[in-house]
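Q: Have a look; sequence and predicted model below, questions after that.
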Amino acid sequence: MTYILGIDTSAYTTSIALIDGENNKILADERKVLEVRKGQKGLRQQEAVFQHLKNLPELYGRIAHDITKVKTVSVSSKPRNEEGSYMPVFIVGQNFGKVISHTLNCTYVEYSHQENHISASLIDNYKNIGDRMLAVHISGGTTEFVSAMKGIKGFETRIVGGTKDITFGQLIDRLGILMDFSFPCGKHMEEYLQGKHAEEIKTPIISRESYINLSGMENYYGNLLNKHTKEAIINSLFKYIAECILHIIQSLSELSFKTVIISGGVASNSYIRNYIIDNIKDYEIIFPAVENSSDNAVGLAFLPIIDRWHNETKTH
């Protein structure tokens, strides 16, 4: 195994990564966040597809290493490992990856976008993978709690919890837009909080269930906009989301996992990260590096490495 090229074309980011498979070294990590017009809450799939088609050649052209050393092209082909899982954006990365692998006469392999996030969290920990983990994927488009176990290829996954309506990322973005932050709003809201003292806002009691609804909280915080400062609302919102994550994890304790991986764009939030770390003691909590919490192709490029190690070491 020499170089591995990872490609991910998600709902909001075009990503390419190049890994030296012999030394597990990241050689290139190129990303471009898709453009969303001010005031909009997201992108339609056809708009995202068009931007991926423009971005991929540009990002591929930035790689300054010898592409002929690529022996594996690893691509995200669908959102998750479930029958019928599909989003048009991933077709762009699939087709681009197939052309590259055919041109270089190298191996082509597909994984899910969710496996990409799990892998990105385990870059420094994959040799300590236990039999079963709880993988929490929290982003603009997804809030899912997944029972995950390493398989011969990628991860065997089963959704065991999450939100029934909107996601944590959507809740943040919708309230952020109301407060005049640019989309995606989470990073701007986090930066706005820095150095500010926020008054406490009482949040409703959270039921300890594996599936929850969030749309009521959108209305709850929306009604507070003229009663409290922005920093108070943002601080309360981040704390509420962290508490929801803790409650859902605790509701799933009967699944007998020891490790919890928390990834996705929302997982890069330092306020949410620190609250979870400070308030959960029963599990090993793994966050990816902040730069690998959001959508990336680094996890995809590492997946063949993790597969190889698992199949050569754990299965023998």
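A: It's in. Owing to the predicted nature of the structure, the values given are computational and were not obtained by experimental measurement.
Q: make it CA atoms for all contacts and neighbour counts henceforth
A: Fine.
Q: can you pull out the strands in the protein?
A: Assigned by DSSP state E, the chain shows strands spanning 3-9, 13-20, 25-33, 70-78, 107-112, 133-138, 143-150, 155-163, 211-212, 259-263, 284-286.
Q: Any chance of CSV for those, columns mean pLDDT, distance to Phe90 and mean neighbour count?
A: Converted to CSV, the strands of the chain look like this (pLDDT from 0 to 100; distance: least, Cα to Cα, whole Å; neighbours: other Cα atoms under 10 Å):
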stretch, mean pLDDT, distance to Phe90, mean neighbour count
strand 3-9, 98, 5, 31
strand 13-20, 98, 10, 25
strand 25-33, 97, 15, 17
strand 70-78, 98, 5, 26
strand 107-112, 98, 9, 19
strand 133-138, 96, 18, 26
strand 143-150, 96, 19, 22
strand 155-163, 96, 19, 19
strand 211-212, 96, 27, 18
strand 259-263, 96, 19, 23
strand 284-286, 94, 27, 15
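Q: now the ones you listed in JSON lines, with distance to Asn223?
A: Listed next are the strands of the chain as JSON lines, based on distance: least, Cα to Cα, whole Å:
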{"stretch": "strand 3-9", "distance to Asn223": "36"}
{"stretch": "strand 13-20", "distance to Asn223": "32"}
{"stretch": "strand 25-33", "distance to Asn223": "31"}
{"stretch": "strand 70-78", "distance to Asn223": "37"}
{"stretch": "strand 107-112", "distance to Asn223": "38"}
{"stretch": "strand 133-138", "distance to Asn223": "25"}
{"stretch": "strand 143-150", "distance to Asn223": "24"}
{"stretch": "strand 155-163", "distance to Asn223": "22"}
{"stretch": "strand 211-212", "distance to Asn223": "21"}
{"stretch": "strand 259-263", "distance to Asn223": "30"}
{"stretch": "strand 284-286", "distance to Asn223": "34"}
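Q: closest one to Phe183 among those strands?
A: Phe183 lies closest to strand 25-33 among those, at 11.0 Å (Cα to Cα).
Q: Can you list the strands that the closest one pairs with?
A: Within its sheet, and counting by DSSP bridges, strand 25-33 is paired with strand 13-20 (antiparallel).
Q: Grab the nearest non-local neighbour of Thr107.
A: Spatially, and ignoring its direct neighbours in sequence, Thr107 is nearest to Thr72 (4.6 Å; Cα to Cα, 6 or more residues apart in numbering).
Q: what sits opposite the one you found in the beta ladder?
A: Note on Thr72: beta-bridge partners by DSSP bridges are Ile4, Thr107.
Q: Relative to Glu191, how far out is it?
A: Distance, Thr72 to Glu191, using Cα to Cα, to the nearest Å: 39 Å.
Q: ranges for the helices of the stretch 201-316 of the chain?
A: Along the stretch 201-316 of the chain, counting by DSSP state H, counting those that start in this stretch, helices occupy 215-222, 230-251, 270-279, 298-309.
Q: Can you spell out which helices and strands pack onto the first one?
A: This points to helix 215-222. helix 168-178 (3 or more Cα pairs under 8 Å, 6 or more residues apart in numbering; DSSP states H and E).
Q: you'd agree the residue nearest to Thr107 is up against Tyr3?
A: Yes. Using Cα atoms under 8 Å, Thr72 is in contact with Tyr3, at 6.9 Å.
Q: Need the residue closest to the centroid of the chain.
A: In the chain, the C-alpha nearest the mean C-alpha coordinate belongs to Gly264, at 2.4 Å (Cα atoms, centre = their mean).
Q: wait, what's in contact with that residue?
A: Gly264 sits next to 117, 137-139, 293-295 when contact means Cα atoms under 8 Å, 6 or more residues apart in numbering.
Q: what's the answer for Ile272, then?
A: 238-239, 241-242.
Q: so can I have TSV of these showing neighbour count?
A: Formatted as TSV, these follow (neighbours: other Cα atoms under 10 Å):
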residue	neighbour count
Phe238	23
Lys239	19
Ile241	20
Ala242	21
